[in-house]
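Novice: predicted coordinates and the sequence they were generated for:
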Amino acid sequence: MATLEIRDLHVSVADGAEDGKEILRGVDLTVKAGETHALMGPNGSGKSTLAYAVAGHPKYQVTSGTVTLDGEDVLAMSVDERARAGLFLAMQYPVEVPGVSVSNFLRSAITAVRGEAPKLRDFAKELKAAMDALSIDPAFAQRSLNEGFSGGEKKRHEILQLELLKPKIAVLDETDSGLDVDALKVVSEGVNRFGAAGETGTLLITHYTRILRYVKPDFVHVFSGGRVVAQGGPELADELESEGYEKYAKAGASA
């Protein structure tokens, strides 16, 4: 059973105007296969920093704590080693890569993760099935990666990667950002398909509850001041919908 364990994680900004500022201040979190976790909190609370630190973004420096995947030290791995080990990050703001088609990018990603290139015929079938499931036009595969994509197209492409790469643990950073209702439903269905087999775990980062109408979390964690300040079941999301984050913001500030 795949297990991502984060223990007492402290992370600082490693460059820019805020160089040295501590963003994460002792994060403890465990995500296991078969579980969907919602990490919720206001903007600026450190949610995305957690996602990027786990993925290995060079801007964020881990100053103490541990991150392990199935007992292996994630922090000792390079970014590509983390992906091959089974970690996946769906970014809030995917990068445009002009001149690289979606199809070529996805085949290269699959090759890197699986260790060998899929046969073109097999890849074409896989890609078509996954695109059909996400209601993506076949012509999309020949477009340059994220160039000129709408918000909904970027998010569908992130879930398309998820379905093709089949990671052990998926970290989805504000996947609901910028989606209309129809796109939100399609993306949510993709997230639910990913977790349905019970062999993978999902950490869904958001500050809105609307995606949780379609993706039902097993656990909800409230993030404030760079750490988890409360946790519970789906009912906690309902509380946040009605009462907001104010009392938890105070808890994060006083830690």
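Specialist: Yep, that arrived. Since the structure is predicted, the reported quantities are computational estimates derived from the model, not experimental observations.
Novice: pLDDT score for residue 232?
Specialist: Listed pLDDT for residue 232 reads 96.
Novice: tell me, how many residues neighbour it?
Specialist: Per other Cβ atoms under 10 Å, the neighbour tally for residue 232 reads 12. Just so you know, the C-beta spots here come from the backbone N, C-alpha and C atoms, and that holds for glycine as well.
Novice: for it, which residues make a bridge with it?
Specialist: Residue 232 has these beta-bridge partners by DSSP bridges: residue 220.
Novice: looks like residue 8 contacts residue 64 (just checking).
Specialist: Yes - shown here, residue 8 and residue 64 form a contact pair, counting by Cβ atoms under 8 Å, at 6.7 Å.
Novice: now do the strands in the stretch 101-250 of the chain.
Specialist: 144-145, 169-173, 201-206, 219-224, 227-232 (DSSP state E, counting those that start in this stretch).
Novice: tell me the angle the second one makes with strand 201-206.
Specialist: So the one you mean is strand 169-173. 10 degrees (axes from the mean of the first three to the mean of the last three Cα atoms, to 10 degrees).
Novice: coming back round to it: JSON lines please, covering the strands of the stretch 101-250 of the chain and showing distance to residue 88.
Specialist: Output for the strands of the stretch 101-250 of the chain, formatted as JSON lines (distance: least, Cβ to Cβ, whole Å):
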{"stretch": "strand 144-145", "distance to residue 88": "16"}
{"stretch": "strand 169-173", "distance to residue 88": "5"}
{"stretch": "strand 201-206", "distance to residue 88": "10"}
{"stretch": "strand 219-224", "distance to residue 88": "19"}
{"stretch": "strand 227-232", "distance to residue 88": "21"}
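Novice: so which of the ones you listed gets nearest residue 41?
Specialist: Evaluated with Cβ to Cβ, those place strand 219-224 nearest to residue 41, the distance being 3.4 Å.
Novice: run the angle between the closest one and strand 201-206 for me.
Specialist: 40 degrees.
Novice: got the CA positions of strand 219-224 in PDB?
Specialist: Output in PDB follows, covering the C-alpha atoms of strand 219-224 (Å, rounded to 0.1, in the frame of the first residue of the first chain):
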ATOM      1  CA  PHE A 219     -10.200  13.400   5.500                       C
ATOM      2  CA  VAL A 220     -10.200  17.200   5.600                       C
ATOM      3  CA  HIS A 221      -7.200  19.200   7.000                       C
ATOM      4  CA  VAL A 222      -7.200  22.900   7.700                       C
ATOM      5  CA  PHE A 223      -4.000  24.700   6.900                       C
ATOM      6  CA  SER A 224      -3.000  28.000   8.500                       C
END
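Novice: got the angle for it vs strand 227-232?
Specialist: Using the same axes, to 10 degrees: strand 219-224 against strand 227-232 is 150 degrees.
Novice: touching strand 219-224 from outside, list them.
Specialist: For strand 219-224, contacts defined as Cβ atoms under 8 Å, 6 or more residues apart in numbering pick out 29, 35-42, 45-47, 50, 228-234, 236-237, 240, 245, 248-249, 251-253.
Novice: break down the stretch 101-250 of the chain into its helices, ranges please.
Specialist: Here the stretch 101-250 of the chain has its helices, by DSSP state H, counting those that start in this stretch, at 102-114, 120-133, 151-165, 181-196, 234-243, 246-254.
Novice: most tightly packed of those?
Specialist: Between those, helix 151-165 has the highest mean count of neighbours, a mean of 21, where neighbours are mean count of other Cβ atoms under 10 Å.
Novice: and that one, what does it pack onto?
Specialist: strand 87-90, helix 102-114, helix 120-133, strand 169-173, helix 181-196 (3 or more Cβ pairs under 8 Å, 6 or more residues apart in numbering; DSSP states H and E).
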